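Enquirer: My questions are about this predicted structure, shown below with the sequence.
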Amino acid sequence: MLVPSPVTAVDDPYVPSRMRLAESLHRAFPLDGELVDGLISLPRELFVEPASRFRAYEDEALPIRFGQSISQPYIVLFMTRLLRPEAGLRVLEIGTGSGYQTALLAKLKMEVFSLEILEPLYREAENRLRALGLLSNVHLRHGDGRIGWPEMSPFQRILITAAPEERVPPALRDQLAEGGVLVAPVGPQGGAQHLRVEEKIHGRFKKILSIPVRFVPLV
Ligand code: SAH
């Protein structure tokens, strides 16, 4: 559990809301204490727009720039858990956005390769992660995630944080390692979207789970 030091408690205005969020996430994910602590250790106020900072530790999605959003902490944890994170595994993330999800994967000591299509968001995420000292196991690139990062493949994990309308781009499936796990929302904006979890076994994809969700589009 998060226990603020006396100094933090006096100086940090986010401590009460952070503690509240930590408690509610620990209740929601009783078996994933390490994951919850990793997420709560991230200063989410630095990943959102200044105007939204006072809401940084509410369990809700918040706007970042260019009409994009940072996912709700619950969803970030939920997706991360489905990804079956393990230290040292190579993970390809599509849609860096603010870098919040990226930062959690880095905290979990994964080797993260993350692509963002909007250049200013890519730059900001890079500065933010550098300032937090998280760039040593994170590789960011400005580019189209539908193409993936073939030079760095295969990846043991692939996480997509923007929804393709119809299907996971085939190039990404190709870049998943044998035995790897793919977590991706699929479906049209404003329509029925599902979070798909698939495992690659003998070159074929086995569906493990599909649940309704809502994400911004993969463009
Ligand atoms: N995981 C992010 C939020 C992602 S929002 C966070 O924690 O903040 C989805 C992101 O996907 C947006 O930043 C959007 O610009 C990006 N995106 C959409 N289409 C993309 C594409 N084809 N390639 C790379 N990134 C894309």
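Expert: All right, it came through fine.

Enquirer: got a list of what the residue nearest the centre of the chain touches?
Expert: The chain has residue 101 as the residue nearest its centroid, 2.6 Å off, counting by CA atoms, centre = their mean. When contacts are counted by CB atoms under 8 Å, 6 or more residues apart in numbering, residue 101 touches 71, 76, 79-80, 93, 159, 161. The way it works is simple: take the backbone N, C-alpha and C, and place the C-beta from them, glycine included.

Enquirer: And for residue 174?
Expert: Counted by CB under 8 Å, 6+ apart, residue 174 has contacts 148, 150, 153.

Enquirer: 10 Å instead, please
Expert: Counting by CB atoms under 10 Å, 6 or more residues apart in numbering, residue 174 touches 148, 150, 153-154, 200, 203.

Enquirer: and those residues, which are buried?
Expert: 148, 153, 200 (16 or more other CB atoms under 10 Å).

Enquirer: Could you tell me which residues of the chain lie near the ligand?
Expert: 68-71, 94-95, 97-98, 100-101, 115-118, 121, 144-146, 161-162, 216, 218-219 (CB under 6 Å from any ligand atom).

Enquirer: Which members of those come out as buried by neighbour count?
Expert: 68-71, 94-95, 97-98, 100-101, 115-118, 121, 145-146, 161-162, 216, 218.

Enquirer: Give me the mean pLDDT for stretch 91-100.
Expert: Average pLDDT, stretch 91-100: 98.

Enquirer: Only alpha carbons, please: show that stretch as PDB.
Expert: Taking Å, rounded to 0.1, in the frame of the first residue of the first chain, the C-alpha atoms of stretch 91-100 are listed here in PDB:
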ATOM      1  CA  VAL A  91       6.300  -5.300 -25.700                       C
ATOM      2  CA  LEU A  92       5.100  -3.300 -28.700                       C
ATOM      3  CA  GLU A  93       2.600  -0.600 -27.700                       C
ATOM      4  CA  ILE A  94       0.600   1.200 -30.300                       C
ATOM      5  CA  GLY A  95      -0.600   4.700 -29.300                       C
ATOM      6  CA  THR A  96       1.800   6.200 -26.800                       C
ATOM      7  CA  GLY A  97      -0.500   9.200 -26.100                       C
ATOM      8  CA  SER A  98       0.600  10.700 -22.900                       C
ATOM      9  CA  GLY A  99       3.000   7.800 -22.100                       C
ATOM     10  CA  TYR A 100       1.100   6.800 -19.000                       C
END
